[in-house]
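> Here is my input; please provide its structure:
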Amino acid sequence: MKRVSRATFCLLSLAVAGAFLSSTAQAADADPSGTWKWKVTFGDRSFDATLKLKYADGKLTGAMLGRDNQESAIEDAKFENGKVSFKVTRERNGNKFTTSYNGELKDDTIKGKSESERNGEKQSRDWEAKREK
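Numbers count the residues shown, from 1 in each chain. Predicted coordinates:
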């Protein structure tokens with residue numbers, strides 16, 4: 001077995017540390033602000049989902065567009081280390097339902113899972129939104 005020289009070990013350690021710091025800085029510099037779109041499918045029906053996000057002073061706010069472009073404000077919104085999370089509560093036919101969204105921001109894509117409850121059963125789906133340019 002070859003012994004690794006102290007200089008080689010130090011160089012490798014610096015390279016790994018640099019890569020880690022670079023990815024951490026990139027996540028810290030990321031900004032989820034903008035308009036995000038994706039397609040949602042329920043059975044044989046599908047529709048376009050639109051989310052508007054604004055990140056300022058460490059706070060994430062926004063709204064999701066629903067039917068007839070009616071906005072529903074997002075709740076419990078967070079953006080930390082490149083991860084986005086929020087909830088949306090909507091009302092239909094006198095019933096309220098809440099969907100939780102979690103995702104990871106990478107460039108102009110947020111990819112994650114949404115969870116909701118329907119007829120007493122929890123549902124989970126993947127979602128992948130693209131930022132409009």
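> only C-alpha atoms for contact and neighbour calcs from this point on.
Will do.
> Skipping adjacent residues, who's closest to the residue nearest the centre of the chain in space?
Taking C-alpha atoms, centre = their mean, the centroid of the chain lies closest to residue 103, which sits 2.9 Å from it. Spatial nearest neighbour of residue 103, chain neighbours left out: residue 112 (3.8 Å); criterion: C-alpha to C-alpha, 6 or more residues apart in numbering.
> How many neighbouring residues does the one you found have?
18 (other C-alpha atoms under 10 Å).
> How about residue 99?
Neighbour tally, residue 99, other C-alpha under 10 Å: 16.
> How about the contacts made by it?
87, 88, 89, 114, 115, 116, 117 (C-alpha atoms under 8 Å, 6 or more residues apart in numbering).
> contacting residues around residue 113?
Taking C-alpha under 8 Å, 6+ apart, we find residue 113 in contact with 101, 102, 103, 124, 125, 126, 127.
> and with 6 Å instead?
101, 102, 125, 126, 127 (C-alpha atoms under 6 Å, 6 or more residues apart in numbering).
> For residue 94, give me phi and psi.
phi 80, psi 0 (degrees, to the nearest 10).
> Mark out where each domain of the protein begins and ends.
The chain breaks down into these domains under automatic domain parsing: 1-30, 32-131.
> Output those domains in JSON lines; the columns should cover mean pLDDT.
Shown next, in JSON lines, are the domains of the chain (pLDDT from 0 to 100):
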{"stretch": "domain 1-30", "mean pLDDT": "50"}
{"stretch": "domain 32-131", "mean pLDDT": "93"}
